[in-house]
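Colleague: Sequence and predicted structure below; questions after.
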Amino acid sequence: MVEIKVLGPGCPNCIKLEALCREVIAELGVESNIEKVTNVNRFSDFGVWLSPGLIIDGEVKVQGKMPTKSTLEGWIKKAGSK
């Protein structure tokens, strides 16, 4: 199971990132758990200083920008194959 955390206070990019994660997961058919972390005081606990932030299986993949769909697909495929 792929563990995904989307960190963001609720800004448009944070919402888009969560939606994109759900879209990619559905398309790939990968079993996953997506958690949305909106409490900015917790971001530093994960090593994220800018939003939106994305953590896949405990590894910070991006912060402060949106990944492309193809990049996100690659990260999730790699995590799902472990």
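Modeller: Structure received. Numbers count the residues shown, from 1 in each chain.

Colleague: I'd assumed Val2 was in contact with Gly58.
Modeller: No: assessed by CB atoms under 8 Å, Gly58 is found out of contact with Val2, at 10.9 Å. Placement of C-beta: from N, CA and C, glycine included.

Colleague: show me where this protein has strands.
Modeller: Counting by DSSP state E, the chain has strands at residues 2-7, 32-37, 53-56, 59-63.

Colleague: I'd like these as TSV, with distance to Lys16 appended.
Modeller: Below are the strands of the chain laid out as TSV (distance: least, CB to CB, whole Å):
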stretch	distance to Lys16
strand 2-7	10
strand 32-37	12
strand 53-56	12
strand 59-63	13
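
Colleague: quick one: contacts for the spatially closest residue to Leu50 that is not a sequence neighbour?
Modeller: Excluding the flanking residues, the one nearest Leu50 by CB to CB, 6 or more residues apart in numbering is Gly64, at 3.1 Å. Going by CB atoms under 8 Å, 6 or more residues apart in numbering, Gly64 touches 49-53.

Colleague: Looking at Ser81 now. What's its pLDDT?
Modeller: Model confidence at Ser81, given as pLDDT, is 84.

Colleague: Just want the phi and psi numbers for it.
Modeller: phi -90, psi 0 (degrees, to the nearest 10).

Colleague: On the pLDDT front, check the residue nearest the centre of the chain for me.
Modeller: Nearest to the geometric centre of the chain sits Leu54, at 3.4 Å (CA atoms, centre = their mean). Per-residue confidence at Leu54 stands at 98 (pLDDT).

Colleague: Tell me what it is bridged to.
Modeller: Val6, Val62 (DSSP bridges).

Colleague: ok, longest helix in the protein?
Modeller: In the chain, taking DSSP state H as the definition, the longest helix is helix 12-28.
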